[in-house]
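Undergrad: next one to model:
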Amino acid sequence: MNIHLVALFHLEDLKKYGFDPILQPLVNDLKVLETQGIQVPFSDTPLRCISQLFSVIQVTGDNLAIHGLFGTVESFSATYCCPFCLTDKTSLQFVFNEDNPDLILCTKELYTEHCNAVAQNPTLVHSFGVKRTCPLNALQFFHCSDNYAVNIMHDLLEGVVQYELKLLFQYLVRDSICLNILSERIQSFKYGYSERKNRPSAIKVDDGRNDLGLNAIQSWCLLRNTPLIFGDLVDPDKLLACHSTFDSNCQHCVLPNHNRWYDYEKKHQNQLAFHWEKVYFKRFLFGPVMHVLTSDLEGSKVARSLSNTECV
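TA: As a prediction, the model looks like this:
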């Protein structure tokens, strides 16, 4: 994936002025690219030029930044925190399928309606999680309600994966081994040369949080090796079979090819995470979500060399 820096701004400026004035120069340039294009010479005939038109089709980033850019609530414990639907926080614990008759998906019309409601009522902080309009919606071919670049790094590797692993480890501590032995097994396991830099650090099982305190690559390493580390302690027909299914689904999330995912999921349709089925098959027409993984962006040399600065 090629990463080209087009804009920088300080976080303090964002807090003071908001996204609109900061991104306005970029939006203006993108509008020119959408309507006029640029002159690009052919490599074999340098004197010949054609006009190429460009636009934005999807925006990727970490969840907090995307919520801020799109004008939605930046608290993931808010009543309406889902970027894809209007399901409230309580109902999220019971709605697991987009075919649910009570589910209302986000659309351009609903987004505009919520933005207008906030604009007309100054006392209203947000309407169904929408606080303001997104500056990128001024573009001809982009609207934030059609953005389905889900974030594997934060949603899975730093989210659901660690939550599920923590439940598994808590079960092992209650049923089979003590916490010290569990930690020793994870630390002493021979992960191999290719995983020597990815081995998990000390995990946090009894701290009352939903994660293990690992970064994304450590979480990915631990998920794949958990059956080898603890396989002798658990009935493979029960708990580890469930873990294997979860691991397989995560493995298929990072496939670079749609067809391989589809061939697998035709046999496991009920195991897909909420919203992700339509993200893959009915909406995300721009390739597998592996290609919009934010770890490459966050780990780039430019991003690492800048502090208190946002890159676009």
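
Undergrad: domain map for the protein?
TA: Domain ranges of the chain: 1-71+135-151+294-312, 85-133, 152-254, per automatic domain parsing.

Undergrad: mean neighbour count and distance to Thr79 for these - can I get that in JSON lines?
TA: All C-beta spots, glycine's among them, are computed from the backbone N, C-alpha and C. Supplementary listing: those in JSON lines, determined by neighbours: other Cβ atoms under 10 Å; distance: least, Cβ to Cβ, whole Å:
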{"stretch": "domain 1-71+135-151+294-312", "mean neighbour count": "14", "distance to Thr79": "14"}
{"stretch": "domain 85-133", "mean neighbour count": "15", "distance to Thr79": "5"}
{"stretch": "domain 152-254", "mean neighbour count": "16", "distance to Thr79": "19"}
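
Undergrad: identify whichever of those lies nearest to Ala78.
TA: With Cβ to Cβ as the criterion, Ala78 lies closest to domain 85-133 of the domains of the chain, at 6.4 Å.

Undergrad: and that closest one, how far from the chain's centre?
TA: Centroid separation for domain 85-133 versus its chain: 19 Å, with Cα atoms, centre = their mean, to the nearest Å.

Undergrad: returning to that earlier point: by mean pLDDT, show me the worst of the domains of the chain.
TA: Ranked by mean pLDDT, these bottom out at domain 1-71+135-151+294-312, which scores a mean of 77.

Undergrad: what about Lys190, distance to Arg199?
TA: Going from Lys190 to Arg199 by Cβ to Cβ, to the nearest Å gives 10 Å.

Undergrad: hmm, I was thinking of His126
TA: According to Cβ to Cβ, His126 and Arg199 sit 42 Å apart.

Undergrad: for stretch 190-202, output the C-alpha coordinates as PDB.
TA: The C-alpha trace of stretch 190-202 is given here as PDB (Å, rounded to 0.1, in the frame of the first residue of the first chain):
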ATOM      1  CA  LYS A 190       8.700 -21.000  21.700                       C
ATOM      2  CA  TYR A 191       7.000 -18.700  19.200                       C
ATOM      3  CA  GLY A 192       9.600 -19.300  16.600                       C
ATOM      4  CA  TYR A 193      12.000 -17.000  14.700                       C
ATOM      5  CA  SER A 194       9.400 -15.200  12.600                       C
ATOM      6  CA  GLU A 195       7.400 -14.300  15.700                       C
ATOM      7  CA  ARG A 196      10.300 -13.400  18.000                       C
ATOM      8  CA  LYS A 197       9.400  -9.700  17.900                       C
ATOM      9  CA  ASN A 198       5.600 -10.300  18.100                       C
ATOM     10  CA  ARG A 199       5.500 -12.400  21.300                       C
ATOM     11  CA  PRO A 200       3.000 -11.100  23.800                       C
ATOM     12  CA  SER A 201       4.200  -9.200  26.900                       C
ATOM     13  CA  ALA A 202       2.700  -9.800  30.300                       C
END
